[in-house]
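# Have a look; sequence and predicted model below, questions after that.
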Amino acid sequence: MNPKPIISNTLFYGDNLPILRDYIPSESVDLIYLDPPFNSNRSYNVLFRDEGGKSADAQITAFGDSWHWGDSADNALNELIRANPGKVDDAVQSMLGIVGHSPMGAYLVMMAARLVELQRVLKPTGSLYLHCDPTASHYLKVILDTVFGAENFNSEIIWKRTSAHSDSKTLGNSHDVILFYSKSDTLLWNKQYQPYSNEYIKSHYRYLDKAGRKFRTDNLTATSLSGGGYEYAWNGVTKIWRCPEKKMQELHDQGRLHYTKSGSVEYIRYLDEMQGTPLQDIWDDVPPINSQAAERLGYPTQKPLALLERIIQASSNPGDVVLDPFCGCGTAVAASEKLGRRWIGIDITHLAISLIRYRMKDMFPTSQYQVVGEPQDMESARQLAQDDRFQFQWWALSLVRARPEGGDPSSKKGKKGADQGIDGTINFIDNTSDAFQRVIIQVKSGHVKSSDIRDLHGVLEREKAALAVYITLEPPSVPMLKEALEAGKYTSPIWQKEYPRIQILTIEDLLSGKEIQMPPDAGTFKKAEKIKKAEGKQLGF
């Protein structure tokens with residue numbers, strides 16, 4: 001049964017495989033960009049080692065803790081074989097014959113299942129860009145050839161993601177691979193250009209006109225052209241010209257002719273009118289996000305907005321649907337919104353979903369979209385707490401826009417903060433020196449007791465924080481409220497206002513709109529730059 005069409009921009013929380021199957025209709029997406037979590041900052045020995053104990057488990061690098069060869073990989077392989085007998089099954093089995101039941105093997109099985117679904121949802125004119133690194137690109141290319149057809153391979157794009165550096169025992173690894181496939185030979189393609197290099201401009205655009213515009217000249221004679229030209233005298237020089245005399249006069253009147261000392265004439269091409277060099281498959285003109293970049297959000301695998309803009313502009317038009325099934329910090333989503341595309345994003349962590357929500361709020365304050373998969377009531381909140389306490393913790397922290405302590409957004413699971421007793425923090429400036437004050441946050445999904453508040457008070461004093469917040473799924477007891485009250489007040493030196501030093505908020509409070517009492521202008525998440533969207537009205541599905 002084909003799912004109903006999605007009618008608005010949508011952010012999904014959850015595993016992308018069932019979401020693709022249950023929510024995304026066949027042939028409904030124009031462009032897919034995916035950057036699956038894969039960290040090759042390991043030796044090949046580790047990546048391909050058969051898993052037989054804790055040592056290997058501790059070194060899994062694909063898709064966090066869940067991407068190792070175990071029951072999930074076995075089940076995925078069996079399902080893949082049943083659902084896709086033939087070429088896909090053969091290709092995956094062949095890959096497993098090479099890499100074995102290793103982290104790489106699990107990665108390829110999981111990716112194959114998802115690529116089958118992504119091919120299904122792509123329109124006949126659609127394209128897919130898979131961003132990976134050289135460790136896995138050659139294996140993924142075989143699977144993509146099988147799923148999409150080798151004839152629908154378009155390019156292997158090399159993106160220079162870092163400057164030159166020295167690796168101790170090998171060549172410096174400075175690039176990523178982006179594999180570009182289409183659904184068919186009727187793919188949509190908008191020709192793109194790269195800016196000219198400084199060296200090219202210096203060597204080719206050597207002339208300046210009276211207004212200071214740089215230009216180069218092109219030959220206007222037709223001597224070497226097949227089909228001939230037009231013979232006449234111009235400026236006292238008789239030659240076979242490329243254009244008729246009437247057109248030559250028009251160019252003269254427009255100031256587009258450059259007269260040489262010998263009396264000949266050449267056509268003027270201004271630098272500021274040129275689009276650049278037609279885009280090639282080596283991209284070295286999109287710099288990575290450095291520590292000082294305005295768009296940097298602190299997400300470990302964040303890609304530059306310009307990189308996604310190039311892909312989206314090349315393979316979609318305004319109003320088209322862009323899907324990112326591993327949307328991380330939401331760069332593809334943000335680029336789609338900026339360029340007037342409709343979008344669907346999927347991620348498996350509440351931390352990533354939270355970051356995307358606040359990124360969209362900062363960049364596009366009037367953006368409209370829906371979030372599917374987040375708890376909307378107490379029943380679903382309790383279910384999330386029962387299913388995965390770390391995801392519940394991240395979701396609860398997102399309700400107050402707090403940064404999790406110790407969490408890894410590229411991993412399916414979290415971990416406790418390095419500072420015992422702190423699950424999340426909020427920073428705010430409340431003095432004239434621009435020094436941050438801190439709100440520390442604990443999240444509790446189980447039984448609560450008054451000693452929890454006493455312990456939190458101790459953490460508050462130890463950390464010298466301004467405020468502490470206790471978020472609980474269960475309602476607090478009267479002794480807990482009394483303990484919080486006895487912690488006293490924090491007085492803001494700027495706002496001249498008192499705030500309870502320890503505050504207790506239930507999930508029910510937060511779902512109903514209650515907020516932390518604290519000074520405004522929190523700066524916990526690094527704000528994304530506000531972006532002006534492409535001209536045009538708000539797009540709907």
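Structure received. Numbering: from 1, shown residues only.
# Quickly note the distance from L323 to S316.
11 Å (Cβ to Cβ, to the nearest Å). All C-beta spots, glycine's among them, are computed from the backbone N, C-alpha and C.
# Among those two, which residue is more densely surrounded?
L323 (30 against 24; other Cβ atoms under 10 Å).
# if you go through the stretch 351-500 of the chain in chain order, where are the strands?
With DSSP state E, counting those that start in this stretch applied, the stretch 351-500 of the chain shows strands at 370-372, 403-404, 424-429, 436-444, 467-472, 489-491, 498-500, listed in chain order.
# Just name the most buried of those strands.
The highest average neighbour count among these, using mean count of other Cβ atoms under 10 Å, belongs to strand 467-472 at a mean of 24.
# Could you tell me the angle between it and strand 424-429?
150 degrees (axes from the mean of the first three to the mean of the last three Cα atoms, to 10 degrees).
# pull the CA atoms of strand 467-472 into PDB?
Taking C-alpha atoms only, strand 467-472 is exported to PDB below (Å, rounded to 0.1, in the frame of the first residue of the first chain):
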ATOM      1  CA  LEU A 467      20.200  28.200  38.400                       C
ATOM      2  CA  ALA A 468      19.300  24.500  38.500                       C
ATOM      3  CA  VAL A 469      16.300  22.900  36.900                       C
ATOM      4  CA  TYR A 470      14.900  19.500  37.700                       C
ATOM      5  CA  ILE A 471      12.700  18.000  34.800                       C
ATOM      6  CA  THR A 472      10.600  15.100  35.800                       C
END
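# for it, packing partners?
Helices and strands touching strand 467-472, by 3 or more Cβ pairs under 8 Å, 6 or more residues apart in numbering; DSSP states H and E, are helix 389-399, strand 436-444, helix 450-463, strand 502-506, helix 507-511.
# would you list those in JSON lines and tack on distance to K489 and mean pLDDT?
Formatted as JSON lines, the helices and strands packed on strand 467-472 follow (distance: least, Cβ to Cβ, whole Å; pLDDT from 0 to 100):
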{"stretch": "helix 389-399", "distance to K489": "24", "mean pLDDT": "91"}
{"stretch": "strand 436-444", "distance to K489": "14", "mean pLDDT": "94"}
{"stretch": "helix 450-463", "distance to K489": "13", "mean pLDDT": "96"}
{"stretch": "strand 502-506", "distance to K489": "10", "mean pLDDT": "98"}
{"stretch": "helix 507-511", "distance to K489": "20", "mean pLDDT": "96"}
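# for the chain, what's the longest helix?
helix 103-121 (DSSP state H).
# tell me what that helix is packed against?
Packing partners of helix 103-121 (3+ Cβ pairs under 8 Å, 6+ apart): helix 16-23, strand 29-34, helix 71-83, helix 87-99, strand 122-132, helix 137-148.
# neighbouring strands for the shortest one, and are they parallel or not?
Just to be clear, that refers to strand 29-34. Note on strand 29-34: by DSSP bridges, its sheet partners are strand 122-132 (parallel), strand 321-324 (parallel).
# and the last one, average pLDDT?
Read it as strand 321-324. Mean per-residue pLDDT for strand 321-324: 98.
# what's the helix or strand following that strand in contact with?
Downstream of strand 321-324, the next assigned helix or strand under DSSP states H and E is helix 331-338. Here helix 331-338 makes contact (Cβ atoms under 8 Å, 6 or more residues apart in numbering) with 9, 11, 33, 302-305, 307-309, 312, 322, 324, 327, 342-343, 345, 356, 359-360, 363-364, 367, 528, 531-534.
# Tell me what angle helix 331-338 forms with strand 122-132.
Going by the same axes, to 10 degrees, helix 331-338 makes 130 degrees with strand 122-132.
# So for helix 331-338, what gets flagged as buried?
Of all the residues in helix 331-338, those buried under the rule 16 or more other Cβ atoms under 10 Å are T331, A332, V333, A334, A335, S336, E337, K338.
# Dump those into TSV; add distance to I504 as well.
Compiled in TSV, the buried residues of helix 331-338 are given as follows (distance: Cβ to Cβ, whole Å):
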residue	distance to I504
T331	37
A332	39
V333	35
A334	35
A335	41
S336	40
E337	37
K338	40
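# where's the residue positioned nearest the centre of the chain relative to K303, distance?
With distances taken as Cα atoms, centre = their mean, the residue of the chain nearest its centroid is T331 (3.4 Å). For T331, the distance to K303 (Cβ to Cβ) stands at 5 Å.
# same question, P3
As judged by Cβ to Cβ, P3 and K303 stand 28 Å apart.
# higher neighbour count, the two?
K303 (24 against 15).
# how near is that one to R213?
Plainly put, K303 is 35 Å away from R213 if you go by Cβ to Cβ.
# And for A396?
Taken as Cβ to Cβ, the span from A396 to R213 is 59 Å.
# Looking at those two, which is more packed in?
A396 (29 against 14).
# Quick one, grab the pLDDT at the spatially most distant residue from the centre of the chain.
Distance from the centre of the chain peaks at G236, with 60.8 Å (Cα atoms, centre = their mean). Predicted confidence (pLDDT) for G236: 91.
# check contacts around it.
Contact analysis of G236 by Cβ under 8 Å, 6+ apart lists G263.
# before we move on, what about R161?
With contacts defined as Cβ under 8 Å, 6+ apart, R161 is in contact with S174, H175, D176, P288.
# Show me what the residue nearest to R341 when sequence neighbours are not counted is bridged to.
Distances taken as Cβ to Cβ, 6 or more residues apart in numbering place V322 nearest to R341, at 4.8 Å, with adjacent residues excluded. Note on V322: beta-bridge partners by DSSP bridges are L31, W343.
# ok, V322 - how many residues close by?
Using other Cβ under 10 Å: V322 sits among 27 other residues.
# Look up how far N2 lies from it.
Taking Cβ to Cβ, one finds V322 at 20 Å from N2.
# Need phi/psi at the nearest residue to W394 once chain neighbours are set aside.
The shortest distance from W394 to any non-neighbouring residue, by Cβ to Cβ, 6+ apart, is to H350 (4.0 Å). In terms of degrees, to the nearest 10, the main-chain angles of H350 are phi -70, psi -30.
# surely H350 meets S398?
Yes - between H350 and S398 there is a contact under Cβ atoms under 8 Å: 5.9 Å.
# what about the two, which has more around it?
The neighbour comparison of H350 against S398 (other Cβ under 10 Å) goes to H350, with 28 against 23.
# Show the pLDDT at the more buried one.
H350 is assigned a pLDDT of 86 by the prediction.
# I appreciate the help and will end here.
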